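K.L.:
what's the 3D shape of this:
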Amino acid sequence: MFRRSSSEPTTPTAPEKVGGKGRPTPSRKEAEAAARARAKVPRTRKEQAAAQRAARGETSQKMRQAMKTGDERYLPARDRGPVRRFIRDYVDSRFSFIELMVPLLVLSMVLGYSGSDRLIRLGNTVLFSTILVIAVDILMLRFRLRREVARRFPGESTKGITFYAALRSLQMKFLRLPKPQVKIGEKLPETYR
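P.N.:
Okay, the predicted model is just below:
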């Protein structure tokens, strides 16, 4: 007969599963109860409105979190995709005169309301100079960005990228959504797929 030695373990140990779900599998009874609860149709308009409000709240919470982290799954459709991510990174990695626009416009407004003709003319000069420099900066952004998108994403449509990049660059960096993922002057990766 076969005898077990005292040094052998009496119960076999299962190897640890890597990447498991981290919780026990629910029993059939629990799974069916959860499925019934999810499939339960609201009986009143009040219950239906509460369910819709909860779903909207959950979706908007995921979207707000994605705007902070850059998670592609929950971003709005206008911000999804590798081309849009590259455009955001391209705009965020360059310093532009546009970021100084708001302080210069406030300065020109203060000078305009000063009452002195000389200061009003100076304010107008600052205002029109700012607008001219911003227009030149956006044109330079357009040509450079289109060249980079054509090089990195051959065959992709360039429709709407100038408008998307210009709107992003007109915002001050700390107010941009989705939040910037790169710093000014940081080298961008070659692939975004």
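K.L.:
what sits against the residue lying closest to A166 once chain neighbours are set aside?
P.N.:
Leaving aside its chain neighbours, A166 sits nearest to I138 (5.1 Å; criterion: CB to CB, 6 or more residues apart in numbering). Where you see a C-beta, it was placed from the backbone N, CA and C, and this is true even at glycine. I138 makes contact with 98, 166, 169, according to CB atoms under 8 Å, 6 or more residues apart in numbering.
K.L.:
quick one: which of those residues has the most company?
P.N.:
S169 (24 neighbours; other CB atoms under 10 Å).
K.L.:
Pull the distance from the strand or helix carrying the residue nearest to A166 to the chain's centre.
P.N.:
I138 is part of helix 117-152, with elements assigned from DSSP states H and E. Computed by CA atoms, centre = their mean, to the nearest Å, the chain-centroid distance of helix 117-152 equals 26 Å.
K.L.:
buried sites along that helix?
P.N.:
Within helix 117-152, the residues scored as buried using 16 or more other CB atoms under 10 Å are 122-123, 126-127, 130, 133-134, 137-138, 141, 145, 149, 152.
K.L.:
Ok, stretch 159-172 next?
P.N.:
Within stretch 159-172, the residues that count as buried by 16+ other CB under 10 Å are 161-162, 164-166, 168-170.
K.L.:
Show me what that stretch is in contact with.
P.N.:
Contacts for stretch 159-172 (CB under 8 Å, 6+ apart): 78, 83-84, 87-88, 90-92, 96, 98-99, 101-102, 134, 137-138, 141-142, 145-146, 149, 176.
K.L.:
can you check stretch 49-59 too?
P.N.:
Outside stretch 49-59, the residues touching it (CB under 8 Å, 6+ apart) are P42.
K.L.:
CA-only coordinates of it in CSV, if you can.
P.N.:
What follows is stretch 49-59 as a C-alpha-only set of coordinates in CSV (Å, rounded to 0.1, in the frame of the first residue of the first chain):
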residue,chain,number,x,y,z
ALA,A,49,-35.8,60.4,-13.4
ALA,A,50,-33.7,59.4,-10.4
ALA,A,51,-32.2,56.5,-12.4
GLN,A,52,-31.4,58.8,-15.3
ARG,A,53,-29.9,61.5,-13.0
ALA,A,54,-27.7,58.9,-11.4
ALA,A,55,-26.5,57.6,-14.8
ARG,A,56,-25.8,61.2,-16.0
GLY,A,57,-23.9,61.9,-12.8
GLU,A,58,-21.8,58.8,-13.2
THR,A,59,-21.0,59.6,-16.9
